[in-house]
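In: 3D, please:
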Amino acid sequence: MEEDKRRRLEESGWKVGSAADFLDLTEEEAAYVELRLALSETLRERRMEKGLTQEELARRIGSSQSRVAKMEASDSTVSLDLLVKGLLATGATRGDIAAAIAPEGTTRAA
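Out: Presented below is the predicted three-dimensional model:
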């Protein structure tokens, strides 16, 4: 958020913070949420890059189209195992998965 906008909101009595602040998440909980979101987003991006429909990906992992939709939406009922299985079914390597969850601004050593 722009500093000027933040200042104006705070001067008007608004409290400005992150979703983690609002939900009172611990640092570990916030990191877990970010990890799930990164895997889900990467899954959707890879599926689309490969030209796969949700139904086609579902067949590859032995699941349903609605489950793939939940995976891509980072639904809390979806396990991390299933997200990783979905990524592997798109041809992702361990390095691809590591890059997807790496904190912003870091690079993976070759």
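
In: Remind me what the least confident helix or strand in the chain by mean pLDDT packs against, helices and strands.
Out: Scoring the helices and strands of the chain by mean pLDDT, DSSP states H and E places helix 19-23 at the bottom, with a mean of 78. For helix 19-23, the packing partners by 3 or more CB pairs under 8 Å, 6 or more residues apart in numbering; DSSP states H and E come out as helix 27-49. Using the backbone N, CA and C atoms, a C-beta is placed for each residue, glycine as well.

In: what's the offset of the helix it packs on from the middle of its chain?
Out: Put simply, helix 27-49 sits 2 Å off its chain's centre (CA atoms, centre = their mean, to the nearest Å).

In: send the alpha carbons of it over as CSV?
Out: The C-alpha coordinates for helix 27-49 follow below in CSV (Å, rounded to 0.1, in the frame of the first residue of the first chain):
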residue,chain,number,x,y,z
GLU,A,27,4.4,-16.4,12.1
GLU,A,28,4.3,-20.2,11.5
GLU,A,29,0.5,-20.1,10.6
ALA,A,30,1.1,-17.2,8.2
ALA,A,31,3.9,-19.1,6.6
TYR,A,32,1.8,-22.2,6.2
VAL,A,33,-1.0,-20.2,4.6
GLU,A,34,1.5,-18.6,2.2
LEU,A,35,2.9,-22.0,1.3
ARG,A,36,-0.5,-23.4,0.5
LEU,A,37,-1.4,-20.4,-1.6
ALA,A,38,1.9,-20.7,-3.5
LEU,A,39,1.4,-24.4,-4.3
SER,A,40,-2.2,-23.8,-5.4
GLU,A,41,-1.3,-20.8,-7.6
THR,A,42,1.6,-22.7,-9.2
LEU,A,43,-0.7,-25.7,-9.8
ARG,A,44,-3.2,-23.6,-11.7
GLU,A,45,-0.5,-21.8,-13.7
ARG,A,46,1.2,-25.1,-14.7
ARG,A,47,-2.1,-26.8,-15.6
MET,A,48,-3.0,-23.9,-17.9
GLU,A,49,0.5,-23.7,-19.4
